[in-house]
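A.B. asks: A predicted structure for the sequence below; I have some questions about it.
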Amino acid sequence: LAGCSYKLRHQLHPMWQSPLSIPGGRRQSPINITLRDSLHDPHLKPLKIRYDPNTCTQIWNNGYSFLVEFDDSTDKSTLSGGPLLNQYRLCQFHFHWGESNAVGSEHTIDGTLFPAELHLVHWNSSKYKSFEEAVMEGDGLAVVAVFLKIGKRHEGLQKLVDALPAVRHKDSVVEFTSFNPSCLLPTCLDYWTYSGSLTTPPLTESVAWIIKKRPVEVGHDQLAVFRSLLFTSADEEEQKSMVNNFRLQQPLMNRTVRSSFS
Ligand SMILES: COc1ccc(C[C@H]2SC(=O)NC2=O)c(OC)c1
Ligand SMILES: [Zn+2]
């Protein structure tokens with residue numbers, strides 16, 4: 001009996017979800033950001049985000065989320081400034097969301113959950129030659145996180161929403177071009193930043209997290225299309241709806257969350 005309950009427990013709560021899954025993991029993500037514990041750092045620079053829509057190439061379902069990928073062979077779509085010492089190249093963005101609007105985000109603000117969270121993933125092209133090399137380094141990655149909330153329809157997001165039925169199953173890929181992810185950023189420049197990790201295996205502690213303070217609004221029906229995706233591939237008999245693809249919050253341990261605003 002113990003065996004099957006272990007299996008069930010593992011499926012419902014995969015081991016890597018728990019904080020102690022990384023031996024000695026001292027900078028794991030996501031975290032809960034508490035306003036009272038974050039420290040305004042006046043030396044933080046404004047973020048410099050330059051995305052070229054022509055670097056957008058494809059969208060695919062990797063069995064955990066859907067990724068929009070970019071040609072990162074040149075410095076055409078980049079992130080710099082903010083807390084960063086180097087220039088980082090955009091390689092992909094993806095989302096995390098819930099089975100309902102009550103859950104979905106990975107980070108929380110004073111315990112507030114959002115229905116979804118966008119991650120724009122960049123790697124340090126000043127110091128490293130590829131994403132694969134950078135993901136192993138403490139200063140290798142920079143992820144800009146944007147919270148999504150339910151409100152008015154997001155016109156820029158609709159092109160993405162319309163492409164999702166084509167990547168319903170795990171491992172499906174379709175061409176996706178001429179999309180500028182800047183349209184998914186809030187107009188407010190304020191952000192928090194802290195040192196953390198990937199939020200899925202290998203959970204590598206290589207991420208400078210930049211969390212935008214303000215959410216962007218998306219339509220209820222737009223987010224519902226995210227939930228029509230499947231974790232499973234076309235040849236699997238059991239089709240499992242892709243929802244709740246978020247990791248639980250991890251201990252802050254010996255870290256300070258800095259804010260770009262007072
Ligand atoms: C082996 O390299 C990887 C593995 C997984 C992810 C995805 C994780 S990391 C994040 O911010 N959200 C996620 O779901 C990744 O993304 C940079 C890079
Ligand atoms: Zn993510």
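C.D. replies: Done, it's in. Ligands and ions are numbered 1, 2, ... in the order given.
A.B. asks: in the stretch 1-150 of the chain, which spans are helices?
C.D. replies: For the stretch 1-150 of the chain, the helices defined by DSSP state H, counting those that start in this stretch cover 2-12, 131-134.
A.B. asks: Can you name the residues of the protein that neighbour ligand 1?
C.D. replies: 65, 119, 121, 135, 141, 143, 198, 199, 200, 202 (Cβ under 6 Å from any ligand atom). The way it works is simple: take the backbone N, C-alpha and C, and place the C-beta from them, glycine included.
A.B. asks: Is it possible to get JSON lines of these that adds neighbour count?
C.D. replies: Output for these, formatted as JSON lines (neighbours: other Cβ atoms under 10 Å):
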{"residue": "65", "neighbour count": "21"}
{"residue": "119", "neighbour count": "21"}
{"residue": "121", "neighbour count": "24"}
{"residue": "135", "neighbour count": "19"}
{"residue": "141", "neighbour count": "26"}
{"residue": "143", "neighbour count": "23"}
{"residue": "198", "neighbour count": "19"}
{"residue": "199", "neighbour count": "25"}
{"residue": "200", "neighbour count": "17"}
{"residue": "202", "neighbour count": "12"}
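A.B. asks: Tabulate the residues you listed (CSV), appending pLDDT and distance to residue 55.
C.D. replies: Output for the residues of the chain next to ligand 1, formatted as CSV (pLDDT from 0 to 100; distance: Cβ to Cβ, whole Å):
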residue, pLDDT, distance to residue 55
65, 98, 20
119, 99, 17
121, 98, 13
135, 96, 19
141, 98, 18
143, 99, 18
198, 97, 22
199, 97, 24
200, 95, 24
202, 93, 26
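A.B. asks: Show me which of these is closest to residue 221.
C.D. replies: residue 65 (19.6 Å; Cβ to Cβ).
A.B. asks: ok, the residue lying closest to that closest one once chain neighbours are set aside - contacts?
C.D. replies: Nearest residue to residue 65 in three dimensions, chain neighbours excluded: residue 94, at 4.3 Å (Cβ to Cβ, 6 or more residues apart in numbering). Residues near residue 94 by Cβ atoms under 8 Å, 6 or more residues apart in numbering: 65, 66, 67, 68, 118, 119, 121.
A.B. asks: hmm, which two among these are most spread apart?
C.D. replies: Greatest spatial distance in the contacts of residue 94: 66 and 121, 13.4 Å, computed using Cβ to Cβ.
A.B. asks: Of the contacts of residue 94, just say which sits nearest to residue 243.
C.D. replies: Among the contacts of residue 94, and counting by Cβ to Cβ, the member closest to residue 243 is residue 65, at 10.9 Å.
A.B. asks: The closest one: what's it in contact with?
C.D. replies: 94, 95, 96, 242, 245 are the contacts of residue 65 under Cβ under 8 Å, 6+ apart.
A.B. asks: redo that, cut-off 7 Å
C.D. replies: Counting by Cβ atoms under 7 Å, 6 or more residues apart in numbering, residue 65 makes contact with 94, 95, 96, 245.
A.B. asks: Right, I'll leave it there.
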